[in-house]
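Undergrad: I need the structure of the sequence given here:
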Amino acid sequence: MEVLLDQGIQDVDGIYVNEELDELWIYDSPVVQLRTYSTGEPVQKYDPCQWSYSPYLISNRVSIQPQASMVAISHKTKVRLG
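TA: Okay, here's the model as predicted:
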């Protein structure tokens with residue numbers, strides 16, 4: 001068995017797969033990662049802690065739609081799409 005992602009003892013909040021687009025979406029609050037499903041290679045990382053206008057708060061909401069190949073992360077009245 002090949003390990004694509006090692007989180008140590010930490011659980012992730014959600015894993016979403018789109019086999020058609022070869023995408024693996026991993027939600028590990030507050031970060032969302034997009035990886036290539038077949039290889040596990042990182043493609044993109046969405047981290048609200050790195051956005052100057054959106055420090056991560058418990059109230060951040062995350063919606064991952066692998067069918068549309070999109071993620072939306074909210075903060076107050078703003079939504080960031082990826």
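Undergrad: quick one, phi/psi of P48?
TA: Dihedral pair for P48: phi -60, psi -30, per degrees, to the nearest 10.
Undergrad: so what's W25 up against?
TA: Going by C-beta atoms under 8 Å, 6 or more residues apart in numbering, W25 touches G14, I15, Y16, V17, N18, V32, Q33, L34, R35, I64, P66, V71. Every C-beta, even on glycine, is put in place using the N, C-alpha and C of the backbone.
Undergrad: and if we set it to 7 Å?
TA: Taking C-beta atoms under 7 Å, 6 or more residues apart in numbering, we find W25 in contact with Y16, V32, L34, I64, P66, V71.
Undergrad: so which of these is the closest to P48?
TA: V32 (9.1 Å; C-beta to C-beta).
Undergrad: you'd agree that closest one is in a strand?
TA: Yes - under DSSP: H, G, I helix; E, B strand; the rest coil, V32 falls within a strand.
Undergrad: that one: neighbour count?
TA: Neighbourhood size, V32 [other C-beta atoms under 10 Å]: 24.
Undergrad: would you quantify the distance from the nearest residue to it once chain neighbours are set aside to S74?
TA: Excluding its sequence neighbours, the residue lying closest to V32 (C-beta to C-beta, 6 or more residues apart in numbering) is Y46, at 4.4 Å. If you measure Y46 against S74 using C-beta to C-beta, to the nearest Å, the figure is 12 Å.
Undergrad: cool, C49 as well?
TA: From C49 to S74 the distance is 15 Å (C-beta to C-beta).
Undergrad: looking at these two, which one has more neighbours?
TA: S74 (15 against 10).
Undergrad: tell me the strands beside the host helix or strand of that one, with direction?
TA: Per DSSP states H and E, S74 falls inside strand 70-75. Taking DSSP bridges as the criterion, strand 70-75 forms sheet pairs with strand 62-65 (antiparallel), strand 78-81 (antiparallel).
Undergrad: alright, I will stop here.
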